[in-house]
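Engineer: The following comprises the amino acid sequence and a computationally predicted model.
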Amino acid sequence: MEQARLVISGLSGGSGKTLVSLGLTRLFTRQGIAVQPFKKGPDYIDYAWLALAARRPAACLDPYFQGDDALGRQFLGICSRRPAELALIEGNRGLFDGRDVSGTCSTAHVARLLDAPVLLTMNCAKMTRTAAAIVAGMAAFEPELRLAGVVLNNVANERHASMLRRAIETYTDIPVLGILPRLRENPLPERHMGLTLNRADDSIHALLDHLADLLAENTDVEAILQLAHSAPALEPTEALPNEAERDAPDVSAQRPRIGFVLDDALWFYYQENLDALCDAGAELVPLSLLDPTPWPKLDGLYLGGGYPELYADVIAASPHLEEMRTLSQEGRPVYAECGGFMVLCSALFLDDGPRPMAGLFPPRPRFYRRPQGLGYVTARTLAENPFHPVGSTWAGHEFH
């Protein structure tokens, strides 16, 4: 399968890969190029930003959850379902950072699986010739990986830029495809351990256009696009069918109506999960916790993640908490994750005290000033439930 593709990674978190990923995605989209964005790793918010930049749903790639073969099928399936001229994959953490000393599940691991060229972003603050040593080391560390270009970020001035470029061009054969100036302020809003996103903020698209302008003025955009098109064809594999090939649901059968809360409080969802429910024959009904309008009759409820703490008082007074309790008491499946799980608990503790929640589960989550947990986890099912067989193990991610 022919598919132009490019992995954007960095030396570590804070290198500028998200800025470059969002800027290039919006820039190419603005030029009329269809971009299918992917995010390596479980990250609802970067995922949502990429979707806004591309004006189409993003997708998640992670070998920890999917395995190597399934990740390839996922990639080809998404590219078949939503054809695009360019697939852009934003990495996470440093290029070679994974679950172990072998780099399992790293961004480099994904780039090798997809046989995709890598564009490396580097924070070059207070650095000159050392940048060449770092680039040379990165290029040689895994010879089977194609490190095909570098974007230098946080560059002080023209003299600094010239020294960096000459050093890298002298000591390596990796082309410098962009030099981004030092910015007085981080243009991307952050909260807790990463980006934040206010879906109601009308300035978001102006910010994305600003990043596109920054990349247009400071990178070799044509060379980057050619780099993506240099990726070799991928071997055919069993992939998800595209829209035209999928069997239409049987309209004669009653389709289960599954509600999912999609408002400013809860909006962290992976489109792949919603697609899977539709493909299985479900009718999805978007709902709101913040609007008191009664919900329609439902066969099940799906609560994603979000920021329930920002709307805790509205949620605590919401009539929909009683509707959740009724659904559960009737034996209808209620599935929640992240912030949605907090809504199902008995109370949510903030700095100024607790807020009552739905009470389907006894825990009372509490917010702390410092992060309490971050990383991959493996869970084992201990009790009977509608979703996972007792004794089964399954992969997850904690972000507390």
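Structural biologist: It's in.
Engineer: which SS state does the residue nearest to A383 when sequence neighbours are not counted fall under?
Structural biologist: The shortest distance from A383 to any non-neighbouring residue, by Cβ to Cβ, 6 or more residues apart in numbering, is to V390 (6.8 Å). Yep, even glycine has a C-beta here, placed from its N, CA and C like the rest. For V390, the assignment made with DSSP: H, G, I helix; E, B strand; the rest coil gives coil.
Engineer: Figure out the helix or strand that Q74 lives in.
Structural biologist: When secondary structure is defined by DSSP states H and E, Q74 falls within helix 68-81.
Engineer: W295 now?
Structural biologist: Per DSSP H and E, there is no helix or strand for W295.
Engineer: Surely it and H320 touch.
Structural biologist: Yes: W295 is within contact range of H320, at 6.4 Å (criterion: Cβ atoms under 8 Å).
Engineer: Mind listing the shared neighbours of those two?
Structural biologist: Both W295 and H320 are in contact with L287, where contact means Cβ atoms under 8 Å, 6 or more residues apart in numbering.
Engineer: tell me the contacts of the nearest residue to A87 once chain neighbours are set aside?
Structural biologist: Closest residue to A87 apart from its sequence neighbours, by Cβ to Cβ, 6+ apart: R5 at 4.1 Å. Neighbour list for R5: 86-89, 114, 116-117, 228, 231 [criterion: Cβ under 8 Å, 6+ apart].
Engineer: thinking again about what came up before, neighbour count for W295 and H320, which is higher?
Structural biologist: It is H320, of W295 and H320, that has more neighbours when counted by other Cβ atoms under 10 Å, with 22 against 18.
Engineer: Given the following helix or strand past the helix holding Q74, what are its sheet partners and their directions?
Structural biologist: The helix or strand immediately downstream of helix 68-81 is strand 86-94, counting by DSSP H and E. Partners of strand 86-94 in the sheet, by DSSP bridges, are strand 4-10 (parallel), strand 35-40 (parallel).
Engineer: nearest to A161, of those strands?
Structural biologist: Closest approach to A161 among these (Cβ to Cβ): strand 4-10, 18.4 Å.
Engineer: Now do that closest one, average pLDDT.
Structural biologist: Strand 4-10 shows a mean pLDDT of 97 in the predicted model.
Engineer: Taking helix 68-81 as reference, get the angle to it.
Structural biologist: Orientation note: strand 4-10 sits at an angle of 120 degrees relative to helix 68-81 (axes from the mean of the first three to the mean of the last three Cα atoms, to 10 degrees).
Engineer: Touching the next helix or strand after strand 4-10 from outside, list them.
Structural biologist: Helices and strands here follow DSSP H and E; after strand 4-10, the next one along the chain is helix 17-30. Under the contact criterion Cβ under 8 Å, 6+ apart, helix 17-30 has outside partners 8-10, 35, 37, 46, 49-50, 53-55, 86, 88, 90-91, 119, 121, 151, 153, 178, 180, 187-188, 195, 208-209, 211-212, 214-216, 219, 221, 224-225.
Engineer: residue contacts, D299?
Structural biologist: 256-258, 332.
Engineer: Go through those residues and flag which are in strands.
Structural biologist: Among these, the members falling in strands are 257-258 (criterion: DSSP state E).
Engineer: Could you dump the contacts of D299 into JSON lines with pLDDT and neighbour count added?
Structural biologist: Compiled in JSON lines, the contacts of D299 are given as follows (pLDDT from 0 to 100; neighbours: other Cβ atoms under 10 Å):
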{"residue": "P256", "pLDDT": "96", "neighbour count": "16"}
{"residue": "R257", "pLDDT": "97", "neighbour count": "14"}
{"residue": "I258", "pLDDT": "98", "neighbour count": "21"}
{"residue": "R332", "pLDDT": "95", "neighbour count": "16"}
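Engineer: Can you lay out the strands paired with strand 86-94 as JSON lines showing distance to C105?
Structural biologist: Listed next are those as JSON lines, based on distance: least, Cβ to Cβ, whole Å:
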{"stretch": "strand 4-10", "distance to C105": "14"}
{"stretch": "strand 35-40", "distance to C105": "9"}
